[in-house]
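Undergrad: Next comes the sequence, and after it the predicted model I'd like to discuss.
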Amino acid sequence: MKKLVLFSFLSALVVSCQAPVKEREIGYHPNQDEDVKNSGWYLGTQEAIDVVLELDKVWKEGKYDEAVKFFADSVRITRSNGERLFSAAEFMDQINANENSKRITWDLVSISSMDIAPNEGGEHVGAWFNMKYTDSVGKITEWKGYESYYVLSGKVVWLDQFRQSPIKTE
């Protein structure tokens with residue numbers, strides 16, 4: 001029995017000393033520069049995904065002041081129209097002030113995280129949304145939204161937004 005306990009303890013110690021990053025490796029890095037050519041892409045963590053999920057929740061609830069807290073002070077935001085902002089407060093103030101933005105609803109349909117530089121920190125989180133805008137007379141416009149986040153130390157450092165029109169079936 002003592003041997004079994006000792007073996008279990010030693011096994012746990014060996015496993016805990018291994019670098020966890022290698023277990024998350026999922027592919028190759030396309031950049032062939034010497035300093036990165038043998039590094040891979042890695043699965044991200046639930047923690048980075050949770051930052052985006054919590055941000056989405058408060059954003060959807062219209063809690064714009066609370067949403068600002070999810071962004072780093074040095075944030076860079078690029079909207080789908082190409083406008084670039086460097087203030088989360090300004091970004092959320094624009095959304096709050098725009099009456100049309102209050103007519104937009106969305107459903108998060110997919111989210112994933114990838115760590116392309118595991119020794120540097122930060123993860124790339126990508127989220128797909130089904131978006132819907134209902135105008136004042138009830139006309140509905142739908143599209144797909146994609147947002148690319150870079151999350152570092154629990155804060156969104158940059159956000160890039162993209163828009164895709166629905167696929168034409170005719």
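TA: Yep, it's here.
Undergrad: sec struct for residue 56, please.
TA: helix (DSSP: H, G, I helix; E, B strand; the rest coil).
Undergrad: Could you tell me the model confidence score at it?
TA: Note for residue 56: predicted pLDDT of 98.
Undergrad: and it, what is it in contact with?
TA: Going by CB atoms under 8 Å, 6 or more residues apart in numbering, residue 56 touches 108, 127. All C-beta atoms are positioned from the backbone trio N, CA, C, and that covers glycine.
Undergrad: ok, now how distant is the residue nearest the centre of the chain from residue 54?
TA: Nearest to the geometric centre of the chain sits residue 125, at 2.7 Å (CA atoms, centre = their mean). When distance is defined by CB to CB, to the nearest Å, residue 125 is 12 Å away from residue 54.
Undergrad: so residue 66 sits in a helix?
TA: Yes - judged by three-state DSSP, residue 66 forms part of a helix.
Undergrad: all helices for this protein, in order.
TA: For the chain, applying DSSP state H gives helices covering 2-17, 46-60, 64-68, 88-97.
Undergrad: how close does residue 106 get to residue 73?
TA: In this structure, residue 106 and residue 73 are 27 Å apart, going by CB to CB.
Undergrad: cool, residue 98 as well?
TA: Per CB to CB, residue 98 is found 24 Å from residue 73.
Undergrad: and what of residue 149?
TA: Plainly put, residue 149 is 16 Å away from residue 73 if you go by CB to CB.
Undergrad: quick one: which of the two has more around it?
TA: residue 149 (24 against 9; other CB atoms under 10 Å).
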